[in-house]
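S.K.: Give me a model of this one.
(one chain, ligands or ions: 2)
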Amino acid sequence: MDGVTLLSDYKPYPFEIEHISMTFRLAPEATVVRAELKLAPRAGRADLHLDGEELTLREISLGGVPLAPEAYALTRTGLTIPAEHLPEGPFVLATEVVIAPAKNTALEGLYMSNGMYCTQCEAEGFRKITFYPDRPDVMARFHVRIESDLPVLLSNGNPVAQGPGFAEWDDPWPKPAYLFALVAGDLRATSGQFTTASGRRVDLNIWVRPGDETRCDFALASLQRAMKWDEEAYGREYDLDLFNIVAVDDFNMGAMENKGLNIFNSKLVLASPETATDTDYERIEAVIAHEYFHNWTGNRITCRDWFQLCLKEGLTVYRDQSFTRDVRLGALKRIDDVAALRARQFREDAGPLAHPPRPSSYKEINNFYTTTVYEKGAEVVGMLARLLGPEGYRAALDLYFERHDGQACTIEDWITVFEDASGRDLSQFKLWYMQAGTPRLRVAERFEDSTYTLEFEQETPPTPGEAEKPPRHIPIAVGLLGPNGDELRPTEMLEMTQARQSFAFEGLPARPVPSILRGFSAPVLLERATPPAEQAFLLAHDTDPFNRWEAGRSLARETLMAMAEGGAPAPDYLEAVGQMLADEGADPGFRAACLRLPGEDEIAAAIASKGVAADPDAIHAARRTLMETLAQKHEAAFVAAYEGAAVLGPYSPDAGPAGKRSLRLATLAFLATRDGGARAQALFDAAQNMTESLGALSVLVAEGGAAAALARFAARWGAEPLVMDKWRSVQAVLTPPEAAAGLVARLAADPGFEWKNPNRFRSLLGGFAANHAGFHRADGAGYALYADWLIRLDPLNPQTAARMSTAFETWRRYDAARQAHAKAALERIAATPGLSRDLAEMVGRLAG
Ligand code: PHE
Ligand code: ZN
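M.R.: Ligands and ions are numbered 1, 2, ... in the order given. Below is the predicted model of the structure:
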């Protein structure tokens, strides 16, 4: 028992649900939900079990006849009707329950946000709305009637009737309950259209609270771009006449792909130049696309059970990343995605929460919406695409849609499609889905008789519950460069399948410089003792932009590691930065990415992976010193780059101007160590858009001289919660470490801080966890403060509390005293009476 769900226990549901008809009579404290299920046994007789939690049952009838109390059993988690009380053929079961959306602070099921009703059903929220088999392999057609005086009443599918006080919706596509959605409120639409490739006219609406409709144009345009892209890149058309998006202020995650009625965290919809940064715009475009793409990868083809979550999420992340690469700057997007993967997923994979993209057991499924399922899942799809090539990948996806449309599938189904489409055996490749851990790839090289040989060795360190790690199938993209930077051999995809394997390149006039793992062709840690001069050469000459960036990144990382341990910066690195600054031919966004130093967490991870305890204060100081050293050495070049990157004219979130702004802000941070923040103050005073305003403010906060600017910012934006989240977050992340915990405690104590809203909570506490040396303070005050807040949030919103506990996943990297403080904080959480299953599972794994 002990509440564990196992993949190996999967059994098909013994009934089919042909149809469900629901009626909602909305009221904040007592919403009445009637549900009529048309059921049919699939094979033989079986007990009928329906999930249901926190429901007050008022009526239950079978075939129109009230069910006697002895004919069913009610528990805390559901309702069971034994087989002997069921007819042999199809039957109709009707229930009426009462729920209280106004009291729902967990934001799962039906809840209220700023006066509007909305739902969140993934993964297991539908069971808080009515009695139903709440599992993704039960797909049914839904009819929904909503009764309420609110002006806008929405559900999935098409509107079929409406009048004063009610609306009815019908969804022709069978779907699992987790894709159900209902919204009711005083909402305003920003509307548009899209005509599909086959000529179907689709109405598009972005619904928001009155006053916000001026900030929806970008979301609407993003949706239209995504719809077009999915037709061109995947041959996928939209399948209803209507597509609605609703923005809500209280939401645990980013957004949700409910059929025909996506529900979004308002921060991922609302954008204006004054209130949203370039990064926000890019993220909005990507998430709108992501949720839209789910219509085929997730909704039309869904998951058999929640262990298969990465079937829809890994694939859909891969699709949204590809979309952004196509509509923006491909090379830069790949760099950003890899940097994020390493910062989050490699971190998860190296700690106590490591798990495979397809896990085989869980206690609380909400704890498995992780960066491993999403981002590593996307990398695994990317490797399949690289192994098959563009045409092979497209053929496999065509087969996937043709074979599995309308089904609830598994990773096995997915792999089989790739095998059938390509004729290849992918049984070894499948390990990527089944096993946790980041493989380490070591490289040795030889040059003899015009033959250059690369010898690779792979090894994956053990992860919780997985001691044995057989070799993986790893695609390694390699190109060879000549001494003058010419490409001697274009990119070739080597396929490594053994623990140790050599690849020879013949007929070379001289020893080449290898460019290995181009485009980050596999999610592995490349361990190669590359001389700094060679890395500087690659930074200057590699024809693969990702590896150019990578060369600079590893130079910077190694320099910072050495400095944190008392060494001096590598001269090759200092020189290379000067060249990059002066390289006006390179794209500004790319130059900015190359200039940005690795974060403190990344340096700590690199130090700890050598078996040395990381010292957060030394790392913080090293990073600061390196910024000062670089700024001093190249001051004139930084000034020139800063001034050359000024963007004139009206704001546009496009990649071109956004890249210039990012170069301007990257250089500003270095210059602030020379001019005492004068340029940052000037930029803050003159800023016409949020990107520059917030960028300048960040620099001032990091310099410790932002009081006046922070006050002005708050005075201007005090009434805009999403903007004030940035104000809070910038301070929590960037306030110098010794002052951070005190500052966070002060901001949290402000009576205006609405900590029950997940965006507010994350802005402050999530920001604090990203303040590396502030959170990992030697005296443990950071951990204690953070634990206090998790304990406070947990009874109201377990899902968000559990997600945020991942701040503790790296505690073993640090010295014994810090470890003891972190462990004490985790134990204190674990000992809290009434702890949720969500947070209990997390702290158990974290401490284990
Ligand atoms: N399925 C959503 C997505 O990735 C994420 C989500 C999961 C949202 C669970 C809410 C709850 O697109
Ligand atoms: Zn998703």
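S.K.: list the contacts for Ile288?
M.R.: Contacts here follow Cβ atoms under 8 Å, 6 or more residues apart in numbering; on that basis Ile288 touches Ala219, Ser222, Leu223, Ala226, Ile245, Ala255, Phe264, Leu268, Val269. Backbone N, C-alpha and C define where each C-beta goes, glycine included.
S.K.: Nearest residue to the last one in space, ignoring adjacent ones along the chain?
M.R.: Once flanking residues are discounted, Val269 sits nearest to Ala247: 4.0 Å by Cβ to Cβ, 6 or more residues apart in numbering.
S.K.: With the fourth one instead?
M.R.: Nearest residue to Ala226 in three dimensions, chain neighbours excluded: Ala289, at 3.8 Å (Cβ to Cβ, 6+ apart).
S.K.: And that neighbour, how close does it get to ligand 2?
M.R.: As judged by Cβ to the ion, to the nearest Å, Ala289 and ligand 2 stand 11 Å apart.
S.K.: Now do the contacts for that residue.
M.R.: Ala289 neighbours (Cβ under 8 Å, 6+ apart): Ser222, Leu223, Arg225, Ala226, Trp229, Arg319, Asp320, Phe323, Thr324.
S.K.: still on that earlier bit, next secondary structure element downstream of the helix or strand hosting the residue nearest to Val269?
M.R.: In this assignment (DSSP states H and E), Ala247 forms part of strand 242-248. Downstream of strand 242-248, the first helix or strand assigned by DSSP H and E is strand 255-256.
S.K.: from the chain's centre, how far out does that next one sit?
M.R.: Mean-position distance between strand 255-256 and its chain equals 11 Å (Cα atoms, centre = their mean, to the nearest Å).
S.K.: wait, does that strand make contact with ligand 1?
M.R.: Yes: using Cβ under 6 Å from any ligand atom, strand 255-256 reaches ligand 1 at Ala255, Met256.
S.K.: What is the nearest of the contacts of Ile288 to Arg145?
M.R.: Proximity of those to Arg145 (Cβ to Cβ) peaks at Ile245, which lies at 22.4 Å.
S.K.: which strand residues sit across from that closest one in the sheet?
M.R.: Beta-bridge partners for Ile245, by DSSP bridges, are Ile206, Asn262.
S.K.: For stretch 210-218, measure first residue to last.
M.R.: End-to-end span of stretch 210-218 (Cα to Cα, to the nearest Å): 17 Å.
S.K.: what comes up buried for that stretch?
M.R.: Asp212, Glu213, Arg215, Cys216, Phe218 (16 or more other Cβ atoms under 10 Å).
S.K.: Same check on stretch 30-39?
M.R.: Thr31, Val32, Val33, Arg34, Ala35, Glu36, Leu37, Lys38, Leu39.
S.K.: which bits of the stretch 151-300 of the chain sit near ligand 1?
M.R.: Counting by Cβ under 6 Å from any ligand atom, the stretch 151-300 of the chain sits next to ligand 1 at Met253, Ala255, Met256, Glu257, His290, Glu291, His294.
S.K.: Using CSV, write down the CA coordinates of the helix or strand that contains Ser729.
M.R.: Assigned by DSSP H and E, Ser729 falls within helix 721-734. What follows is helix 721-734, C-alpha atoms only, in CSV (Å, rounded to 0.1, in the frame of the first residue of the first chain):
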residue,chain,number,x,y,z
PRO,A,721,0.3,42.8,-9.7
LEU,A,722,2.2,41.2,-12.6
VAL,A,723,4.6,44.1,-12.8
MET,A,724,5.0,44.1,-9.0
ASP,A,725,6.0,40.5,-9.2
LYS,A,726,9.0,41.5,-11.2
TRP,A,727,9.8,44.2,-8.7
ARG,A,728,9.8,41.7,-5.9
SER,A,729,11.6,39.0,-7.8
VAL,A,730,14.4,41.3,-8.9
GLN,A,731,15.1,42.2,-5.3
ALA,A,732,14.9,38.6,-4.1
VAL,A,733,17.2,37.3,-6.7
LEU,A,734,19.8,40.1,-6.9
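S.K.: Quick one: distance of it to the chain centre.
M.R.: Worked out by Cα atoms, centre = their mean, helix 721-734 lies 20 Å from the chain centre.
S.K.: helices and strands around that helix, which ones?
M.R.: On a contact count with 3 or more Cβ pairs under 8 Å, 6 or more residues apart in numbering; DSSP states H and E, helix 721-734 meets helix 690-703, helix 707-717, helix 737-749, helix 758-761, helix 767-769.
S.K.: what's next to stretch 418-429, contact-wise?
M.R.: Stretch 418-429 is contacted by residues 383-384, 387-388, 392, 395-396, 399, 415, 471-473, 497 when judged by Cβ under 8 Å, 6+ apart.
S.K.: re earlier: tabulate the helices and strands packed on helix 721-734 (a markdown table), appending mean neighbour count, mean pLDDT and distance to ligand 1.
M.R.: What follows is the helices and strands packed on helix 721-734, written out as a markdown table (neighbours: other Cβ atoms under 10 Å; pLDDT from 0 to 100; distance: least, Cβ to the nearest ligand atom, whole Å):
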| stretch | mean neighbour count | mean pLDDT | distance to ligand 1 |
| --- | --- | --- | --- |
| helix 690-703 | 24 | 98 | 25 |
| helix 707-717 | 14 | 98 | 27 |
| helix 737-749 | 17 | 98 | 25 |
| helix 758-761 | 22 | 98 | 11 |
| helix 767-769 | 25 | 98 | 21 |
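S.K.: got the contact list for the closest residue to Trp169 other than its chain neighbours?
M.R.: Distances taken as Cβ to Cβ, 6+ apart place Ser155 nearest to Trp169, at 3.8 Å, with adjacent residues excluded. Taking Cβ under 8 Å, 6+ apart as the criterion, Ser155 is in contact with Phe142, Val144, Ile146, Ala167, Trp169, Asp171, Phe180, Ala181, Leu182, Val183, Leu261.
S.K.: Quick one: mean pLDDT for the helix holding Ser729?
M.R.: Averaging pLDDT along helix 721-734 gives 98.
S.K.: ok and that helix relative to helix 690-703, angle-wise?
M.R.: 30 degrees (axes from the mean of the first three to the mean of the last three Cα atoms, to 10 degrees).
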